[in-house]
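Visitor: Here is a sequence with its predicted model. Questions after.
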Amino acid sequence: MTAAEFAALDALIGLALTEDLGEAGDVTSRATIPAGQTGRAAVVARAPGVLAGIEAAARVAERVDPALRFEPRLADGASLDKGDVIATLAGPMRSLLAAERTLLNFLQRLSGVATLTRQYVEAVAGLKVEILDTRKTTPGWRLLEKAAVRAGGGTNHRIGLHDAILIKDNHLAGVRSAEREGRSEIEVAIARCRAAYPTLPVEVEVDSLDQFDVALACGPAIVLLDNMTTDHMREAVRRRAALAPATLLEASGGVNLETIRGIAETGVDRISVGALTHSAKALDIALDYQE
């Protein structure tokens, strides 16, 4: 994880523990568990998948009580079978119970993202194509979910609106309504972006081969083929190879586990999949207490 990801994680852990423990703490455990009692538990996968969030779990335990001993057995990216022990947790029983739900929430959510990502990556095995995430992330969780995508074998797209240029249809609509000096809106938009941010890579979205030809002639770093048919994608790949081989082609729209192989076989370089983060199902992970 990067320094920015650790910072985001620590902020989220603080919010999560505040909403769960409040000011009074775990009142049920305080009422039922003697203060000096210790315990031990195993973090166990209840379903097969891919692990992500092990550092988050460790930091939750540390934040709740430094006396808790969190010992990971597996690392992010590990394939899980049902029944696999992911980690053990030992220490004051009250603290162990206070950490349980928050710790599992991080593991379940992030492992769900990694698991779904791995399914998409495996669906295009043997083909030279990258599977990318998008900005369709849970507010506040973006950096962690993108780390989970990497754990599943995927690649991160831009982090946000600040670190790369992606000219989309609504940007072009804004240019179209302004003075364009006889040039197409794509040409004007790309020129303006390069003038304003000369060090940032420029990507432009197109939804037809006519738009593609105009964009390709401008030499952007990436052209995004939005909701194109696979026949049109193949033609775009052919034209790119002949005219601008350095430009990468990215496919987006209509991507699911049934369609992704066919899209990858067109020869595009990248496929962005919003579902990796917005539709991932939490992986079933539990805490089993041991005598």
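Guide: Nice, I can see it.
Visitor: going forward, measure contacts and count neighbours with C-alpha atoms only.
Guide: Will do.
Visitor: And the helices in the stretch 151-291 of the chain?
Guide: 169-176, 185-196, 209-217, 230-243, 260-264, 275-278 (DSSP state H, counting those that start in this stretch).
Visitor: Highest mean neighbour count out of the ones you listed?
Guide: helix 275-278 (a mean of 23; mean count of other C-alpha atoms under 10 Å).
Visitor: For that one, C-alpha coordinates in CSV please.
Guide: Output in CSV follows, covering the C-alpha atoms of helix 275-278 (Å, rounded to 0.1, in the frame of the first residue of the first chain):
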residue,chain,number,x,y,z
ALA,A,275,-18.4,-3.4,-11.7
LEU,A,276,-15.1,-4.2,-10.0
THR,A,277,-15.9,-1.7,-7.3
HIS,A,278,-19.6,-0.8,-7.6
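Visitor: Touching that helix from outside, list them.
Guide: 113, 116-117, 133-134, 136-138, 145, 149, 256 (C-alpha atoms under 8 Å, 6 or more residues apart in numbering).
Visitor: Now do the contacts for the closest residue to residue 262 other than its chain neighbours.
Guide: Spatial nearest neighbour of residue 262, excluding adjacent residues (C-alpha to C-alpha, 6 or more residues apart in numbering): residue 230 at 7.3 Å. If you count contacts by C-alpha under 8 Å, 6+ apart, residue 230 has them with 262-263, 266.
Visitor: how does it look with 10 Å?
Guide: 236, 251, 259, 262-267 (C-alpha atoms under 10 Å, 6 or more residues apart in numbering).
Visitor: ok, back up a step: let's have the helices of the stretch 151-291 of the chain in a markdown table, adding mean pLDDT and distance to residue 60.
Guide: Compiled in a markdown table, the helices of the stretch 151-291 of the chain are given as follows (pLDDT from 0 to 100; distance: least, C-alpha to C-alpha, whole Å):
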| stretch | mean pLDDT | distance to residue 60 |
| --- | --- | --- |
| helix 169-176 | 90 | 41 |
| helix 185-196 | 96 | 42 |
| helix 209-217 | 98 | 47 |
| helix 230-243 | 98 | 46 |
| helix 260-264 | 98 | 36 |
| helix 275-278 | 98 | 22 |
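Visitor: And these: which comes nearest residue 121?
Guide: helix 260-264 (9.5 Å; C-alpha to C-alpha).
Visitor: Contacts for that closest one, please.
Guide: 120-125, 127-131, 228-231, 233-234, 250-252, 254-256, 270-271, 273.
Visitor: repeat that for 6 Å
Guide: residue 124 (C-alpha atoms under 6 Å, 6 or more residues apart in numbering).
Visitor: right, and residue 281 touches residue 113 too?
Guide: No: contact status for residue 281 versus residue 113: not in contact, 7.3 Å apart, counting by C-alpha atoms under 6 Å.
Visitor: Between the two ends of stretch 116-132, what distance do you get?
Guide: From its first residue to its last, stretch 116-132 covers 12 Å (C-alpha to C-alpha, to the nearest Å).
Visitor: and what of stretch 74-83?
Guide: Span of stretch 74-83 from end to end, C-alpha to C-alpha: 13 Å.
Visitor: ok, and what's touching it?
Guide: So stretch 74-83 is contacted by 44-52, 86, 151-152 (C-alpha under 6 Å, 6+ apart).
Visitor: buried subset of those residues?
Guide: Among the contacts of stretch 74-83, those classed as buried by 16 or more other C-alpha atoms under 10 Å are 44-46, 48-52, 86, 151-152.
Visitor: Just those residues: which are in helices?
Guide: Within the buried ones among the contacts of stretch 74-83, residues falling in helices by DSSP state H are residue 151.
Visitor: residues contacting residue 125?
Guide: Taking C-alpha under 6 Å, 6+ apart, one finds nothing in contact with residue 125.
Visitor: same for the lowest-mean-pLDDT helix or strand in the chain, what does it pack against?
Guide: Lowest by mean pLDDT, DSSP states H and E among the helices and strands of the chain is helix 169-176, with a mean of 90. Where contact means 3 or more C-alpha pairs under 6 Å, 6 or more residues apart in numbering; DSSP states H and E, helix 169-176 is packed against helix 185-196.
Visitor: Next, the angle from the helix it packs on to helix 209-217.
Guide: Angle, helix 185-196 to helix 209-217, by axes from the mean of the first three to the mean of the last three C-alpha atoms, to 10 degrees: 30 degrees.
Visitor: hang on, the earlier thing: for the helices of the stretch 151-291 of the chain, give me a markdown table that also has distance to residue 11.
Guide: Listed next are these as a markdown table, based on distance: least, C-alpha to C-alpha, whole Å:
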| stretch | distance to residue 11 |
| --- | --- |
| helix 169-176 | 33 |
| helix 185-196 | 33 |
| helix 209-217 | 41 |
| helix 230-243 | 42 |
| helix 260-264 | 35 |
| helix 275-278 | 20 |
